[in-house]
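Participant: give me the fold of what follows.
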Amino acid sequence: MKILSIDTSNYALGIGLLDENQVLGEYISNIKKNHSVRVMPAIQTMMNECGVKPADLTKIVVAKGPGSYTGVRIGVTIAKTLAWTLNIPLTGVSSLEVLAASAGRHFNGFICPLFDARRGQIYTGLYRFKDGRLVTEKDDQLVLTADWAPALSTLSEPILFVGNDVSIHQSVITDALGDRAVFAEITEHNPRPAELALLGRDRIEEDPHSFVPNYIRLAEAEAKWLDAQKTK
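Facilitator: The predicted model follows:
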């Protein structure tokens, strides 16, 4: 079983190749450049280096959001197209779940991945590992950091905060949680595409035609358009 994983849901671009229980290759970059012109060359280069042909792939796993609307669309569109043309299964995994798995596998406590959503808001959820398996404690959501951090203060265990946007919200988190807030090292903030492939490896496949991203909220332009339609 050779799995190709794709994550373009945020600034970090990740491509992974997993063969059963072996990571064949990973490509990760964290630069503000257009994923649309970089993701296919990255896939092709890594597959060539690993000696894997498109016909060898048995599954596509994609980070389905939340995150950047454009970024999520790019990854999901490519994943759906590859799955359909190669006639292989497609599985989507929460972008936040991938981030939690990438940094918290050996952390004894809760794991809180987050992406900045502007205006003091974050995309976030709460996870933890139990018996080597990542489980969801609080579903992915869009929330104000000023509301989320105090809500977590009722938890008695330490909480690992991870993500490239953690620094934007760190002071609010620290004020609410004190030393129960643990912040991941800079080397742990990028979601690993191999973890994405592993998370999706044994999950149920989804129909490429009906598969949709999880934006959690509408894009601002879409929300304004819907509001305008209501007034007509």
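Participant: can you report how many residues neighbour residue 87?
Facilitator: Neighbour count of residue 87, defined by other C-beta atoms under 10 Å: 7. The way it works is simple: take the backbone N, C-alpha and C, and place the C-beta from them, glycine included.
Participant: do you know how far it is from residue 129?
Facilitator: Distance check for residue 87 against residue 129: by C-beta to C-beta, to the nearest Å, it reads 34 Å.
Participant: same thing with residue 185?
Facilitator: Relative to residue 129, and taking C-beta to C-beta, residue 185 is found at 18 Å.
Participant: was I right about residue 173 contacting residue 151?
Facilitator: No - with contacts counted by C-beta atoms under 8 Å, residue 173 stays clear of residue 151, the gap being 11.5 Å.
Participant: show me which of these two is the more surrounded one.
Facilitator: Remark: of residue 173 and residue 151, residue 173 carries more neighbours, 24 against 12, as counted by other C-beta under 10 Å.
Participant: just the pLDDT for the more buried one.
Facilitator: Residue 173 is assigned 98 on the pLDDT scale.
Participant: just to be sure, it is in a helix?
Facilitator: Yes - according to DSSP: H, G, I helix; E, B strand; the rest coil, residue 173 belongs to a helix.
Participant: OK, contacts around it?
Facilitator: 145, 149, 161, 166, 181 (C-beta atoms under 8 Å, 6 or more residues apart in numbering).
Participant: so which residue is dead centre in this structure?
Facilitator: residue 95 (1.6 Å; C-alpha atoms, centre = their mean).
Participant: hang on, that residue packs against residue 68?
Facilitator: No - the criterion here is C-beta under 8 Å, and residue 95 misses it with residue 68 at 9.6 Å.
Participant: now the common contact residues for these two.
Facilitator: Common neighbours of residue 95 and residue 68 (C-beta under 8 Å, 6+ apart) are 9-10.
Participant: so which bits of the longest helix seen in the chain are buried?
Facilitator: Using DSSP state H, we find that the single longest helix of the chain is helix 69-86. Buried residues in helix 69-86, counted by 16 or more other C-beta atoms under 10 Å: 69, 71-76, 78-80, 82-83, 86.
Participant: try stretch 159-176
Facilitator: Across stretch 159-176, burial judged by 16+ other C-beta under 10 Å covers 159-166, 169, 172-173, 176.
Participant: by mean pLDDT, point me to the weakest helix or strand of this structure.
Facilitator: helix 220-230 (a mean of 51; mean pLDDT, DSSP states H and E).
Participant: how far does stretch 43-63 stretch from start to finish?
Facilitator: End-to-end distance for stretch 43-63, by C-alpha to C-alpha, to the nearest Å: 15 Å.
Participant: and the contacts of that stretch?
Facilitator: Outside stretch 43-63, the residues that touch it by C-beta under 8 Å, 6+ apart are 1-9, 14-15, 17, 24-27, 72, 75-76, 78-79, 82-83, 86, 88-95, 98, 191, 196-197, 199-201, 205.
Participant: likewise stretch 189-206?
Facilitator: 1, 3-7, 10, 12, 14-18, 23, 26-28, 30, 59, 61-63, 89-93, 95, 97-99, 101-103, 134, 162-164, 166.
Participant: so which of residue 185 and residue 129 has more stuff around it?
Facilitator: Between residue 185 and residue 129, residue 129 has the larger neighbour count (other C-beta under 10 Å), namely 18 against 8.
Participant: buried set for the host helix or strand of that one?
Facilitator: Counting by DSSP states H and E, the element that carries residue 129 is strand 121-130. By 16+ other C-beta under 10 Å, the buried positions in strand 121-130 come out as 121-129.
Participant: same check on stretch 106-116?
Facilitator: Neighbour counts over stretch 106-116 (16+ other C-beta under 10 Å) mark 107, 109-116 as buried.
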